[in-house]
Structure formats: structure tokens, C-alpha cells
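[1] how would this look folded up:
(3 chains)
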Amino acid sequence: MSAAVSASSHRFSEARLAEIAELVKRYPGVQSALMPVLYMAQEDFGYLSMDVQQHVADVLGLRLMQVREVVTFYTMFREKPCGTFLLEVCTNAGCMLNGANELVAHMCQSLGIKVGQTTPDGMFTVTEVECAGACGGAPVVQVNNVYHEKVTPESMDALITHMRASGGAK
Amino acid sequence: MTSLFINDQEVEVTPGTSILEACRQNDHDVPYFCYHPELSVAANCRMCLVEVEGWPKPAASCCTPVSEGMKVKTQTASLKKDRKMIMEYLLIHHPLDCPVCDQGGGCKLQDYALEHGASKGRYAEPKRAVVNYELGPFVNTCMTRCIHCTRCVRFADEVAGTGDIGVLNRSDHMSIAGIVEEALESELSGNLPDICPVGALLDKPSHDVSRPWEMSHHKSTCTLCPNGCDIHIESRGDEVMRIRPIAGSPEPWICDRGRYVYDAFRSDARILEPALRRDGELQTVGWDEAFDHAVSLLKGKRVGILFSPDWSVEGHTAIRMMRDTLFPDAKVAFDLHRRDMRPFAFEEGLSMTTAQIEAADQVVVLGSDLRQRLPLLMQRLRKRGHAGKPVSRIGAMNYRTNMNISSDAIIRPRDWPAVIARAMEQVRDLGKTAAGFDAWLAAVPARHEAGKILADALIADSCALLVGEEIRSDIDAAALIFGLDLLMRACGHAEAGSDGRNLIPEGMNAQMLSSIFADVRVSAGELFAAASAGELDAIVVVGSDPLGDGLFPTAAAAALDKVPLIQIGSIAGRIGERAEVQLPAAAGSEIEGTFVNMEGRIRVATNPIRSLGQERPLWKVMMRLVQVMGGEVPVVSLDELRAAIVVRVPSLAGAWSATEQDKLLLAPARNRTSTYTPVQQKHAFDLDVVSRYSMYREGMWARASKLLSEAAMLHCLDDLLVHPDTLAEAGLKPGEMIVHSFLGKATCQVGVRDDVSPGVLFVSRRGIAGALSDTDTASLTGGQS
Amino acid sequence: MIPSDPKQVKQICFDRINIPDVNTLAVAREHGAYEFLPTVLKTFEPAKIVDEMKASGLRGRGGAGFPTGLKWSFVPRNTGKPTYLLCNADEGEPGTFKDRDIMRFDPHLLIEGMIMAGFALNVHDAYIYIRGEFLHEASVMNEAIREAYAANLLGENILGSNYSMHLTVHRGAGAYICGEETALIESLEGKPGRPRFKPPFPAVEGFYRCPTVVNNVETLATVPAILKHGGAWHAAIGVPNNTGCKIFSVSGHVNKPGNYEVPMGTSLRMLIEDYCGGLQHGSVPKVIIPGGSSTPWLTAEHYDTPLTYDGMTKAGSMLGSGAIIVMDETADVVAVTRRLAHFYAHESCGQCTPCREGTGWLERIMIRVEDGQGCDEDLHVLKEASTHMAGRTICALADGAAAPILSMLKHFPEEVRARALGKAA
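    Predicted structure coming up:
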């Protein structure tokens, strides 16, 4: 493990480290634990800054490049912060045929942002994603990874109002 | 063998061979980018598609093994169309900047575009631009040109062992990148531009300097380490522009030391004209005047001769002839790193080829920083690591290797007898013993646990023992090597055919030197001591720099205060400041000459580059010296000289026959007559001094190279290092302190590192830490001197 | 054979799907979960299980349709290395959403199938690689696994037998390509999911270079029924060479989109009209993508094609994962194709030249075509660039990327040309 880690507050808690130690045992090789540990890091630290990636590398005894390759390959790992509510709209074929594009346009208009942007209050980020695997409920919107199916502009508005009222308490 | 048909021609190849290799071996042209015979297969460029009869789709030939009776076609209309399309895909985002790209003229993409591509691309959308990254002092990146073949990624992982180049992102945003914050740290980085099939990775020092078609190629041998790699020196006119490895030679790569030394050829440090010291300044003179002055310093005098192992065999033989004719009593030294000149049970040189070492069941490295000393052998050990084969190591420091060492121990050099004794006891308990064990064991009271690593490895069916500089330079080296020899005999690793005893030599031609000079050699320290004691009147130094290299700089300086120096060589070096006379001798690449590497392989250079000045082949300078001194000139032509060499070393008879040369493998000398047991050393100081060898600053040629000197700055450690426990025991904190040795006291900065053995003072910059190089023990105290 | 009313056939994977709380072990057991497992562990020979699987005629439900028993028989025994069983739950093919329902509603069916498969293959460590987005499904699976461990259905000496197996859920993180089995293996090893070239096949050198079987969720969920009722029972359902039931995920312009498990051989028309409530507009579909977005399109003329591997091949397409995307007369085929081109460009792993560069190129041309900024040369390039991607790469993603474009050009040349040249209505 590299000793050259810069000082930072991004450190796993002792409980997390114990959890990681257990996790590693489930796989024939330690690198298999990388993706689950990146999820933990994202949960604990919000997003995967270079600092966090170095920490993950150190904790697992991997090279930073091995972590970088994985973080940049998979879309669900974020290197930048996003809003409290991440709204991911599937616009692939099944959802598109059932009004996903119109839904995205409506959401962007309601929130006053473009796709990929976060509202100035840091509350909402809207992105388009690939097929969510729930085409029977098209169009599908994931809110912080919770699926909402057969979403209409009206039901989306109600959901946004509800989320805003909850004040970011997820 | 598997037989198959390639374009209707029946061929036979080893089972498991890929179709692409089968095509290459049988001269069927199949284009490819990502494939490289020395790297793992990636199969990503898709340029090497071929058709196999009965298969629905074209197959990537690089990753498809041959099968019996397979019918392969490499030139169908459909494949031509495929290749044309693949070229079009590749060129979609490739900038068409060939006129300003260094790769132009030596570029696979350019060549294949001409051969397989369309004259015009149809891509009309915006092109991709890619961020460059830092790859160290020798490699430029221009990543927009990258075609994502991943050769560099595989090289960094599999060969360099750093793994610091990776593939980021995916889709057409995919990019090859390094870690932004860290430059690539590899002693093999110069190979990256070679393996890059396009102009994405380029040689930094030769950037914007030359074009491939301007170069003439000179096959030569690198003499910067005993591995003696085959090289192509590429020159434009008489100017050396590049040094590159030769495909198909035993080592497909060369190290940065051997590659970037090229700028030393035209450095100010070269000795290109004869010169004399007048009024304290060296002044250029004619040959006759210089020789006259040399004669005045040497005629009738007691002379000591020091030379470098890196000259050709012809040069060395001529030195011996000169000595025998003019100074039959002269002491001769050539190794600046050996204190004990008693004949070793197994003398310098390898008894195995590096390929055999790579394949052995076990490899044990004793006291060597192989990555700095022998980067190409290190690379082979790394390949072992990838194949899951063990490499064990014992030494004064956990030298960085970029691989996983399977068993590792750090020890003080004074513990070597205890390590060997511990190993002897372990193998004896298993019933393996040799006559001499008891006497040897009786002479060593202590046992050191690290011996278990050695014994565990020795028990294997085949074991390569690599004995390095920490043992070779020991004051009692003959006894240590005798002990190791006993161990190897006991375990059956000393018989012809399975001889695993390898003593890593300091330089080239070790097997030759130990036979040509066996009867007259002394240690360099002895030579300097004789001069200091008034036993010599002059010293002739031939291409060696005892003030800059080796274990005797203080002794050398003291000797040169007493007696005049006649310098013969290609590079002035630090010792040049002390020369009374300088005679230019041509460098290895500027002559026809014969070289022997540590494996005993013979290489003959036949196509030298042109000399820059007045320098002449060393053998001619030597013969001329004999002549002007009034001696009888022993040989007057290269043929006569070679005939004389064969008289001295009959096994070299075939060296100059193209067909015989490759069959020759000179064995290192063995001495079975003398028995040595370790002497109880009385150590004057409590710490063992070990000095680091840096490939970027060791040797006159490296120091004459600006490129290597600049790289050395990136690779330096603190001047002096100790283990934290060593300081704690002495109640000291890192920083300035006094170093005591037999040379007196000196104030130095001392840092800590836990990969240095406790009880060792590690001198990481030899020469810079000056006088300490001469010592083998020292101690530390606090405060100011 | 297929009965005249396919609805009479007992469902296999969806047998318990509508039972409330069947995701809990107690309810699942009340309805037969793990009932037959002790018999298998105590009386079945592993080799016999493989034979039974072969006899069942079951073909892999993930998309390629390779016979499962045959795949299992390729695993070398006594290599000295462990064998691994990986469940492919990376359901990402646009149009596919069947495995999600098995996992979230009846997780114990999958677990039981994996134990049986693991027993047959002498596996002691098995993994479910589930797509990252299925967070809920992963937590349902994890809870079911926790219960199974507590009941000694997983872990050491399962139900007192000599057989031990550990099961771990491993989440992907948003990469379609990880549904390809060798990319899945790479991903499970903690690397980017870039497919490996074959040979070696995973059965010989897979996860950590050890023998590995990768099976789809639906495939594994079918195993308990086959072992309980026998291979011959399964082989009698459906039509020869296309046996058993299959879940079809129907989406797009149908009135009742969803998952329907029907016997193989049921016709496309019957599925859409009898089960899915017909089309939203009109009476015949404009386009049917029968096996997920990577399969060639069918049109109204193929409305009566039987839902079998062989039937779809004969019609010029593939059954794939059984993901049927239906487009009625209102569909904008150019916009859909452009969107799919974006999908493949976004999901290409980037390693093979034709796919890395070709998918992006195709998308950029499609954007111009959709916007009416194209030309005839564009249509020619679309066809040529697609044709020379397919079958020239390590995995089949490039084939999938080519399929929609080639289908669009084949079936709607006039519409596409008019659109490209800006002459569309």
C-alpha cells in the first residue's frame, strides 16, 4: 500500500473497514471487491474524488490505475457531485415509444435546467440513462436508484413537489 | 506439429500457435497493430482478420490457435474490403498530421493506410481530441494520434511492471492514460515509443530532430552492463541519433541506460584529440608529441595499469600484449568493485543463459539491485512472476523491483556467513551435504534465519543462484562464494547441464578477463596503495574512472597525488582532470570488435560508425605505444591480433565465423583447488556500508550523457539512508549527523527508510557522499563534527 | 407440444409469481420451494443432473440460446481448480425486464436453481452478477440469501448433505456490455467489463482463469422444475429443439406491456393480441423487434411467426432474450434507430476498432439523417459501416449495433431517404 497518501477527511470508518475485510473474503481475489467498495465510498463520501479513489486503492492494496479504470468505465460511479435527488430518465426505445423524451423536456422545463445539470439549490440533477430494464413500466424514472414506472409529466410534477417538501431528507 | 494450409500452402507449426504466428513464420503477410510477439494478446485492432474455410465469420488470427487441416486464406476480396474499412474506422479520429509527426516514415498506420486503406475518408463529423499525459523524461505523448492498441498498457503491466498506464472510459471516449500526478517510473520506458505503432508515444530526446529514412543502421553491442544487448546504433552522417533494440535478438527490449547514453557520443567529455597538460591545462597536440611525452613518463618506470572491462576482447588482449612487452612486472587491475582478488570457487559470469534463469524452478537473488544493475534480467524475472514462478531475495535493502518477490529478507552484509551456515544446516538435515561443510560451519559461530529462504529454494530440482555485488565486493568474498559453492554442490546444482552458480560480473567480457589476466591481476585498491606507497612511478588508465566509480575513489585520489597519469580512452571523466597525457581511443561502437556478455555469448561488431575525431581503435593505440617505447610490435593487423587471441583462449576459435559464432557460449572460470573458510572479521564500526548503483549515473559514459544525468535527478534518494530502528537504537533523529569511518569524520544528512536493513548505512549517491565509498563499515553520532 | 390454449400450460418460472410475500422463505416453502432439494442433494448423481438437463432441451434464456446441459458438460472435472457458477442478472438488453421479476418476486426460485446447478457442477462459490440499477432487486435477493443461509439452504453442508455452496450478490455499475459472459467475468474480477476473446471459453478458463459456468437468471430458475419433473417432461413442452416455456417481455406500443411466460411455439400474433391487449394504434405492427434491440427487425409479414429460436431464425431475426419491442403505425423508425445508435455508441466497451469507432460514427450520421441533414452517400456509408462491424469484433455488441440500422434501411428505404434529405412530411 502506498504511503504517499495526502491528508484528507475521506477515510472509511472502522466499521466500514471491518465490513470490507469481510467482503474481501467472499472472492477468490481482492480486486473483485473493488466495485462494492467503490459503492461504499460513493455512499460515504458522495462521489469518487481522486482522493477517495486513492484511499480505495490503498485500502484494497490495488494500484490507483486499477481503480481509475473501473471508475471511468462504469456510468454509475460518479467523479463529480450531483444533486440530492438524482433523477435518471430512461430514454431508450421502450420508454421513448411511450413518451420519455416529452417527459424529460417537461422535467427540464419545470426545474429550469438542462439534461446533465443540477438545480442551483443543489436539490435535483436530471440525466438521461440507458435502458433501465423495466420497459413494461415505460417510461421509467429512477430517483436515487428507486424505480418509478409509467411516469407522466403530472405524476413527475407531484413527485418533485413531494421531494422538494421533504427538504432533501432522503 | 500441426499442419495447416495458408493460402493453399501446407505448413507445419507447433500446436497451439496462433494463425498469425503461423503466417509470420511462413512469410504470409497479415497486417496487425495490437499484436506484439513479446506481449500478451489483446485482439482488439481487428486488422489481422483472416478467413478460415467453413467458418461463418472472419477470425482474428492473433488470438485463434491453429488446428489440424485448417484452411486459412489471408488475401480474399472480402478481407481486403474488411481491412479497408478497419483503416477507415481507425482514421476517423486520427489527425492527418503525418508531415509534422516524428513517426512518419516508420509508422504502421501510415504504411497500412497506403497498402490497405482508401485514398479518401468519408467521415464528415467532428474529430476527437485527447489530453496528453506525463510519461517521464524520455517519452512524449500525443494521444490524439492513439489508435488504442493497448500495447503500451500491456508493456507497462507485463514488462515494466509498473502498471501505471491504463485504459480510461469506454466507447469512442476511451483513452489511454497515465496517472496524472506521477510520471512513469521505469528503467525500460524508452521501449514505449518503439512499440507504439503510431505517433502517440514518441521519443522525447529525439523529438523533431530526425526522420527514420535519414538513418543508417549499425549493428552493435551495448557495453553499459554485462548483459551486452544487441543494438542498432542509428546515425545520420557521423552523428549518433538513436540507439534501438534489434528484433529477434535474445532481448527484445533495451534499457534506458543503454538507449539514452547516445548523446554521450558527441558530448564535451569525449577525448577526440591527443592532449598534453601544460601549465595545468590540457592542450591539444599531435599524436607524435603526445606519445613522446608518454614515453618520457613511462620509459624505464614502474607502471601500474588500470582499465575498464567494457573494451573489446581485441582491446583487452592488446593491453596484455603491451604490458608483457613493455612492463613485464606491472600490476594490472580492471575491477573497481572487487576487494578480494583470490580466485573464487565460481568466477564472474553466468553458467546459465538468461532464458534458462527465467525457466528455472527457483531463482534466488543474493545481494543485488538487479533492476538497476541488469534491467533486462530483472524483466525476465518479472515475466517469471507473471507466470506464477517464485523469485526469492536476500540483501541489504528491499530494492524496488516492480514485481512481487515471493520470499524476501533484509540482512547486514556481515551476516552473510551466518545466512549461508543456516542454509547449510538445513540442507544437511535433509541429507544433502558436501565435503567441506563441517570445516565451513565450524568457522562460523552465528546462524541467521534468512538462510531458510536460500535453503528452501535450493531444494528445488533446478535453482538459479544469482550472486550480486554485495557478496562480490565483500572483503572475504572468496570464502562466501566457496560456502555457496558447497551448498550448490550439496544440492546438485553444480553439475554440467544443471549448473545454477551465477556470479554477476561488474562489466562485459568477464570470462575473457579472468582468463587473459588471471596471473597478473590485482585489486584496484592494491594498485592505488602501491602508488601511494611509492612503489609505482606512473599509472596508465585505459577507459576507467576510479574517481567517479567504484569502491576506491579516495585511494585513487591519493595515488594520483603521487604519480603521473597517462589516460587512454574515449571519455575524459573525472579522472581526466588529473591526466598528464590523453590519448584518444575509439569507443566500442566505432570499431570492429568482439564482445562477450555475462552469459558467455559472443558478439562481433562489423559495421562501426565513423569516428568523430582522431581516435583510433584501442589495439592500435596500444601497438603504437609499444612501438614508440622501442618495443617489438607483437601484431600489426586485426587478423594477427585475433590469431593471437585464439592462442590465449582456444575456445574463441569460432568467434569470427558467422556460422560458428552463435554456437559459442564461454563458461565462467571454476576454481576447485583452494578452500576458504570465513575469517572472523573485526569490524571497526557498527554499521555496514552498502552503496547504491544507479543506472543513470554509474560509469563514465552515463555521466557524460546529459539525458541520463537529467534522469538521475528524478531517481535520487536521500544521500544516506538507515533503517528507523538503527537511529532509534543510537538515540538519533533523521537529519544532520556525523559519520565516522576509517577515513575520519564527516557531517552528512541521514534519512530513514524501512526497506534498508537495520545495521546498514546505505549510500544512495556514491561519489556525492564522497569518501564513504571506500569504506565498508561506519558509525553515526549526533551533533556537529 | 403446444396446446391450443397455451394458457393451460403450467408456468415454470412464474409459477409462484403472484403469491403475496413469496419472496420470504416461509411463504416460498409453503408453495414448494426447496421441497425437492434434499432429494437432489442426497440421491442425484451430478453427472445424471447434467444428462437430465441435456434431455430437457433447455436452451439458455439469456439470448444466445445455447443448450444448457451441453454447456454444463463442457466443464472439465478434476482440474485441481475450483469451478464457479455465475448467474447473469445483468439484464440490460433494451426491451428485456424478465429476470427482474423473478428476482424481486420469487428470489428463492433462483437460489434453489443455483444450488442444484452448483451441486451438478461441483461448485462451492457462486455469484449473482446483478445490474447496478437493480438496487431493490439486489436487496430482495440479499434478504432471501440471508434467510437461506439461516435455514442451512446455503453455506456448509447444505441440509445435512456433504455439499457446501456460498452465494454472493455482486452489483454491476452501469455497463450493458457486462451482460456478455466474459465481460461479466472481467467485471466480477474488479476490472472494466471488456469481453475476452475465445478460446479459451469460460467453461475451461473463466473467473480467475478457473472453469466457470455463466447462466441467465431464467435459465437457472428453470432448473428446479426440470429436476423435479424430469428432462422428458420439459422436453414435451413447446416444440422440438425449442422446448419449455419462455418469458417474453413485451413493451412499446401495446396496451398491456409486461412479462408473459408462454410455451415456446406460441405465435407472435397470439402473444401480442391475446396477452398484451393488442396494439395501441392500428391492427398490424409497423416493426417488431423480437429478441431485444440487438436483433433484426420483423414487420407485419412476420406477425404469425412462432416464438421459437428456429422460427425467428427462419424469419431472419433471433429470439434473443425474448424482449419484444412493438412499434405501431405511429412509430418514428428513424428516431428509434437514432436512439438505439446512441445506445450502442454509449455502451461500446471501446476495445475493438470497428465497434469503438463505428458505433460513434453511425450515431453521428443518424443524427444528421434524423434532422434531415443527410445525403444519399450517408445511407450508403450507414450500410457499409454497419456491415463491416458485424462479426468482426470480439463480442456481438457490434452485431447488435448494426442490426437496427440495417433493418431500418432494409424495411423502410423510402421513408429513411425522404427523412435524410429533409423531404419528410
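[2] for the strand or helix carrying residue B:639, buried residues please.
    Assessed by DSSP states H and E, residue B:639 sits inside helix B:638-648. By 16 or more other CB atoms under 10 Å in any protein chain shown, the buried positions in helix B:638-648 come out as B:638, B:641-642, B:644-645. From N, CA and C alone the C-beta is placed, and that goes for glycine too.
[3] so residue C:151 versus residue C:141, what's the distance?
    16 Å (CB to CB, to the nearest Å).
[4] higher neighbour count, these two?
    More crowded of residue C:151 and residue C:141, by other CB atoms under 10 Å in any protein chain shown: residue C:141, with 25 against 15.
[5] so what's the more buried one up against?
    C:103, C:107, C:110, C:128, C:130, C:169 (CB atoms under 8 Å, 6 or more residues apart in numbering or on different chains).
[6] what are the phi and psi angles of it?
    Dihedral pair for residue C:141: phi -60, psi -40, per degrees, to the nearest 10.
[7] helix, strand or coil: sort out the residue nearest the centre of chain C for me.
    By CA atoms, centre = their mean, the mean C-alpha position of chain C lies nearest to residue C:62, the distance being 2.7 Å. Secondary structure state of residue C:62, per DSSP: H, G, I helix; E, B strand; the rest coil, is coil.
[8] once you drop chain neighbours, what's closest to it?
    Counting by CB to CB, 6 or more residues apart in numbering or on different chains, residue C:216 is the residue found nearest to residue C:62 once chain neighbours are left out, at 3.3 Å.
[9] how many other residues sit next to that neighbour?
    Residues lying near residue C:216 (other CB under 10 Å) number 24.
[10] strands of the chain, start to end?
    Going with chain A. Secondary structure of chain A by DSSP state E: the strands cover A:85-90, A:124-129, A:141-143, A:146-148.
[11] I was after chain C.
    Taking DSSP E to define them, one finds strands in chain C at C:83-89, C:123-130, C:166-171, C:212-216, C:238-239, C:242-243, C:245-252, C:258-263, C:287-289, C:323-327.
[12] tell me the domain ranges of chain C?
    Domain ranges of chain C: C:6-235, C:238-327, C:333-420, per automatic domain parsing.
[13] per-residue confidence for the residue nearest to residue C:62?
    Confidence at residue C:216, expressed as pLDDT, is 97.
[14] name the nearest residue to residue B:483, ignoring sequence neighbours.
    In space, and not counting its chain neighbours, residue B:483 is closest to residue B:420: 4.2 Å by CB to CB, 6+ apart.
[15] return the residues of the stretch 51-200 of chain C in contact with chain B.
    For the stretch 51-200 of chain C, the contact set with chain B under CB under 8 Å from any CB of the partner chain comprises C:175, C:177, C:192, C:194, C:197, C:199.
[16] if we go to 6 Å?
    With CB under 6 Å from any CB of the partner chain as the criterion, the stretch 51-200 of chain C comes near chain B at residues residue C:197.
[17] what does the stretch 51-200 of chain C put close to chain A?
    Contacts of the stretch 51-200 of chain C with chain A, taken as CB under 6 Å from any CB, map to C:91, C:94-95, C:97, C:100, C:132-133, C:135, C:168, C:173-175, C:189-190, C:192.
[18] low-scoring stretches of chain A, by residue?
    Counting by pLDDT under 70, chain A contains low-confidence residues at A:1-8, A:168-170.
[19] for stretch B:461-478, what is the distance to the chain centroid?
    18 Å (CA atoms, centre = their mean, to the nearest Å).
[20] what pLDDT does the closest residue to residue C:313 other than its chain neighbours get?
    Of all residues not flanking residue C:313 in the chain, residue C:319 sits nearest, at 7.9 Å (CB to CB, 6+ apart). At residue C:319, the pLDDT value in this model is 96.
[21] swap in residue B:589?
    Residue B:589 is assigned 82 on the pLDDT scale.
[22] surely it touches residue B:231?
    No. Using CB atoms under 6 Å, residue B:589 is not in contact with residue B:231; the gap is 8.4 Å.
[23] more neighbours, those two?
    Neighbours per residue, other CB under 10 Å: of residue B:589 and residue B:231, the larger number sits with residue B:231, 28 against 25.
[24] residues contacting the more buried one?
    B:220, B:222, B:243 (CB atoms under 6 Å, 6 or more residues apart in numbering or on different chains).
[25] do residue B:282 as well
    Residue B:282 neighbours (CB under 6 Å, 6+ apart): residue B:275.
[26] can you name the element that comes right after whichever helix or strand it is part of?
    Element membership for residue B:282 (DSSP H and E) is strand B:281-284. Later in the chain than strand B:281-284, the nearest helix or strand by DSSP H and E is helix B:287-298.
[27] other SSEs contacting that following helix?
    Judged by 3 or more CB pairs under 6 Å, 6 or more residues apart in numbering or on different chains; DSSP states H and E, helix B:287-298 is in contact with strand B:579-584.
[28] in its sheet, what does the strand it packs on sit against?
    Within its sheet, strand B:579-584 is paired with strand B:275-278 (antiparallel), strand B:565-569 (parallel), according to DSSP bridges.
[29] nearest to chain C: which residue in the stretch 401-550 of chain B?
    Closest residue of the stretch 401-550 of chain B to chain C, CB to the nearest CB: residue B:404 (16.5 Å).
[30] that residue: neighbour count?
    Residue B:404 has 12 neighbours, counted by other CB under 10 Å.
[31] next one: residue B:125
    Applying other CB under 10 Å, we find 14 residues neighbouring residue B:125.
[32] what about the nearest residue to it once chain neighbours are set aside, how many residues close to it?
    In this structure, residue B:125 finds its nearest non-sequential neighbour in residue C:364, 4.1 Å apart by CB to CB, 6+ apart. Neighbourhood size, residue C:364 [other CB under 10 Å]: 20.
[33] do residue C:242 as well
    22.
[34] so how far is chain A from it?
    Here residue C:242 is placed at a distance of 24 Å from chain A (CB to the nearest CB, to the nearest Å).
[35] now do the buried residues in stretch C:48-65.
    Within stretch C:48-65, the residues scored as buried using 16+ other CB under 10 Å are C:49-65.
[36] how is the chain divided into domains?
    I went with chain A, as the question did not name one. A:14-73, A:85-166.
[37] look at chain B instead
    Annotated domains of chain B cover B:2-75, B:94-214, B:275-341+B:510-661, B:354-503, B:687-781 [automatic domain parsing].
[38] starting at the chain centroid, how far to the first one?
    Averaging C-alpha positions (CA atoms, centre = their mean) puts domain B:2-75 35 Å from its chain's average.
[39] try the fourth one
    Put simply, domain B:354-503 sits 20 Å off its chain's centre (CA atoms, centre = their mean).
[40] between the two ends of that domain, how far is it?
    In domain B:354-503, first residue to last residue: 13 Å (CA to CA, to the nearest Å).
[41] and for the first one?
    According to CA to CA, domain B:2-75 extends 22 Å from its N-terminal end residue to its C-terminal end residue.
[42] neighbouring contacts of the top helix by length along chain A?
    If you go by DSSP state H, chain A has its longest helix at helix A:153-166. Residues from elsewhere that reach helix A:153-166, judged by CB under 6 Å, 6+ apart: A:85, A:106-107.
[43] rewinding a little: turn the domains of chain B into a markdown table, including distance to residue C:417.
    Formatted as a markdown table, the domains of chain B follow (distance: least, CB to CB, whole Å):
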| stretch | distance to residue C:417 |
| --- | --- |
| domain B:2-75 | 30 |
| domain B:94-214 | 18 |
| domain B:275-341+B:510-661 | 64 |
| domain B:354-503 | 55 |
| domain B:687-781 | 60 |
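[44] and those domains, which one's lowest on average pLDDT?
    Ranked by mean pLDDT, those bottom out at domain B:687-781, with a mean of 86.
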